[in-house]
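S.K.: Pasting a predicted model and its sequence here:
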Amino acid sequence: MNYYEPKDLADFPNIAEWATDQGNKFFEYYGAATNAGKLTDREKSLIALTVAMTQNCPYCIDAYTIKCLSLGISNEEMMEAAHVGAAMMAGVTLAHTTQMRKIIKKKEM
Amino acid sequence: MDTAEQLRILGSLSCIPSLSRKILELDRYPLRASGIEILQINVGRICNLTCRHCHVNAGPKRTETMPRIVLEKCLEILKNFPISTIDITGGSPEMNPHLEWFIHEAAPLKRRMIVRSNLTLLQKEPYRRFIDIFKKQNVEIVTSLPDYLEAKSDRQRGAGVFRKVIEVMRELNACGYGMNGSHLFVNIVHNPVGAYLPGSQAALEHEYRKRLLSEHGVHFNHLFCITNLPVGRYLEYLIQSDNFEDYFDLLCHAFNPAALTNVMCRTTLSVGWDGSLYDCDFNQMLNLMVNHSAPENIMDFDMERLKNREIVVNNHCYGCVAGSGSSCQGATTFTKNA
């Protein structure tokens, strides 16, 4: 057994188990948030894929890569989205050096 | 891979329940036809292309072509019964020597007449005349364009095919096909270039329309999303790429009971090149003839016994009832999407 099994993705609809009310509310929210609205299915799927990669979720990467393929999103478009995520992660890391630098400057003689 | 081997592989699936069992659980077994609205005539398996996803295994080396006597019988049936759609497919239908005659004879019946053309042949003699024939006889053209990206489309259909399709589409547009206010229809078939399901038909149609117009100056009427069914070359691809079980798992998890209600075999009768009768073109390629006492050849056509016949179901049929559903006319259930 591995910690992450591809087949476990099929268990996602069951995550409301043992907390049904909260779980069902989550699914209602998840559907409302990810279905096409002012943003298209394509745009929302690229956002979801990018978040999945930045958050290292193998299930979401699997699901949203396939969804992007299904929507006709090209490999190049997905890769560009990944770079937005990568750049944001780098930027977020470096932006937090502000805290580090502030503390250093306060604590060092 | 011969049909017996394909059926053996389809029957050996252990990772999912059989579709028949699934239908039984819904108390919908046996699945029955509700009439014959579409006569789909496969006029032969000869084709100038050898697409990687082709369920027909069509290509230049095939020899099967529908003889005139079978087409004459189709005409007789069309004259005698109010079947609303004549759907001509192949192979390349234009390579059947009787196609021009058949279109000429069928046009006065005033039915919706579809020819599924790969378009590339229409650039070559002696097939160029079909552009005028189709236009004159108000034939609806359905053509395959798996993706709006040239490289991706050509991976499935062969190098240079996308460019040729675009060139002929422009010619068809110049004749009025696909243009606003015109009665001449050209529709595009999208099917995934790989082991996944098509997305929202509305969203894909929107994207195709935007890209084909802005990048290629091409107009079309509608996009039909067709799920690749695990038959023929596509089945071989799934096995060779180690996607076979994953793909069936995907199909099974996406099973949609609403799509079962609208499945195309309930209103279609498929005719093979030799007159054999099938519930659909996919069953035809697996040699799964209509049965349960319905006549198996068009020469024995009997509307009463065929119109509510029991449908022959196998595991490849999961492809037509997954997600938004799939048929030769595209998705069978619709969601609003952009």
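M.R.: Nice, thanks for sending it over.

S.K.: how about the residues of chain B that lie near chain A?
M.R.: Within chain B, the positions near chain A by CB under 8 Å from any CB of the partner chain are B:147-149, B:152, B:190, B:192, B:194, B:196-200, B:203-204, B:207-208, B:249-250, B:253, B:337-338. For the C-beta atoms, the positions are set from N, CA and C on the backbone; glycine is no exception.

S.K.: Can I get the buried part of those residues as one PyMOL selection?
M.R.: Applying 16 or more other CB atoms under 10 Å in any protein chain shown to those, the buried members can be selected in PyMOL as follows:
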select buried, chain B and resi 147+148+149+152+190+192+194+196+197+198+199+200+203+204+207+208+249+250+337
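
S.K.: From the residues of chain B next to chain A, which land in strands?
M.R.: Using DSSP state E, B:H190 are the members of the residues of chain B next to chain A that sit in strands.

S.K.: Filter the residues of chain B next to chain A down to just the ones in helices.
M.R.: Using DSSP state H, the subset of the residues of chain B next to chain A located in helices is B:152, B:203-204, B:207-208, B:249-250, B:253.

S.K.: From the contact counts, what lies against the longest helix seen in chain A?
M.R.: Longest helix in chain A by number of residues, with DSSP H as the criterion: helix A:75-95. Secondary-structure packing of helix A:75-95 (3 or more CB pairs under 8 Å, 6 or more residues apart in numbering or on different chains; DSSP states H and E): helix A:41-54, helix A:58-70.

S.K.: now those helices as CSV including distance to chain B?
M.R.: As requested, those are exported to CSV (distance: least, CB to the nearest CB, whole Å):
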stretch, distance to chain B
helix A:41-54, 5
helix A:58-70, 4
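
S.K.: As TSV, those helices with distance to B:M169 and mean neighbour count would be great.
M.R.: Formatted as TSV, those follow (distance: least, CB to CB, whole Å; neighbours: other CB atoms under 10 Å in any protein chain shown):
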stretch	distance to B:M169	mean neighbour count
helix A:41-54	23	20
helix A:58-70	24	19
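
S.K.: and of those, who's closest to B:E215?
M.R.: Among the helices and strands packed on helix A:75-95, helix A:41-54 comes nearest to B:E215, with 16.6 Å by CB to CB.

S.K.: Name the surrounding residues that touch the closest one.
M.R.: Residues from elsewhere that reach helix A:41-54, judged by CB atoms under 8 Å, 6 or more residues apart in numbering or on different chains: A:34-37, A:39, A:60-61, A:63-65, A:67-68, A:71-73, A:77-78, A:81-82, A:84-86, A:88-89, B:199-200, B:203, B:207, B:337-338.

S.K.: Next one: the residue in chain B positioned nearest to chain A, what pLDDT does it get?
M.R.: The nearest approach of chain B to chain A comes at B:G199, 3.6 Å away (CB to the nearest CB). At B:G199, the pLDDT value in this model is 94.

S.K.: need the contact list for B:T3.
M.R.: Neighbouring residues of B:T3 by CB under 8 Å, 6+ apart: B:285-287.

S.K.: Filter those down to the buried ones, ChimeraX style.
M.R.: Buried members of the contacts of B:T3, defined by 16+ other CB under 10 Å, are picked up in ChimeraX with:
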select /B:285,286
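
S.K.: which one of the contacts of B:T3 is nearest B:S214?
M.R.: B:M285 (37.0 Å).

S.K.: Tell me who's in contact with the closest one.
M.R.: So B:M285 contacts B:3, B:55-57, B:231-232 (CB under 8 Å, 6+ apart).

S.K.: Quick check: phi and psi on it?
M.R.: phi -70, psi -10 (degrees, to the nearest 10).

S.K.: where does chain B dip in pLDDT?
M.R.: B:334-338 (pLDDT under 70).

S.K.: what about the helices in it?
M.R.: B:3-11, B:19-25, B:68-80, B:99-106, B:129-136, B:150-157, B:161-174, B:201-216, B:233-240, B:244-253, B:257-261, B:281-285, B:303-306.

S.K.: just so I know, which of the ones you listed lies nearest A:Q22?
M.R.: Short answer: helix B:244-253, nearest of these by CB to CB, at 24.1 Å.

S.K.: Show residues contacting the closest one.
M.R.: A:7, A:10, A:66, B:9, B:13, B:15-17, B:22, B:195-197, B:227, B:230, B:235, B:238, B:315, B:318-319, B:322.

S.K.: Only whichever of the residues you listed are buried, select them in ChimeraX.
M.R.: Entered in ChimeraX, the line below selects the buried ones among these, by 16+ other CB under 10 Å:
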select /A:66 /B:9,13,16,22,195,196,197,227,230,235,238,315,318,319,322
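
S.K.: okay, the helices and strands packed on helix A:75-95 in a markdown table with distance to B:V218 and mean pLDDT next?
M.R.: Formatted as a markdown table, those follow (distance: least, CB to CB, whole Å; pLDDT from 0 to 100):
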| stretch | distance to B:V218 | mean pLDDT |
| --- | --- | --- |
| helix A:41-54 | 20 | 97 |
| helix A:58-70 | 23 | 96 |
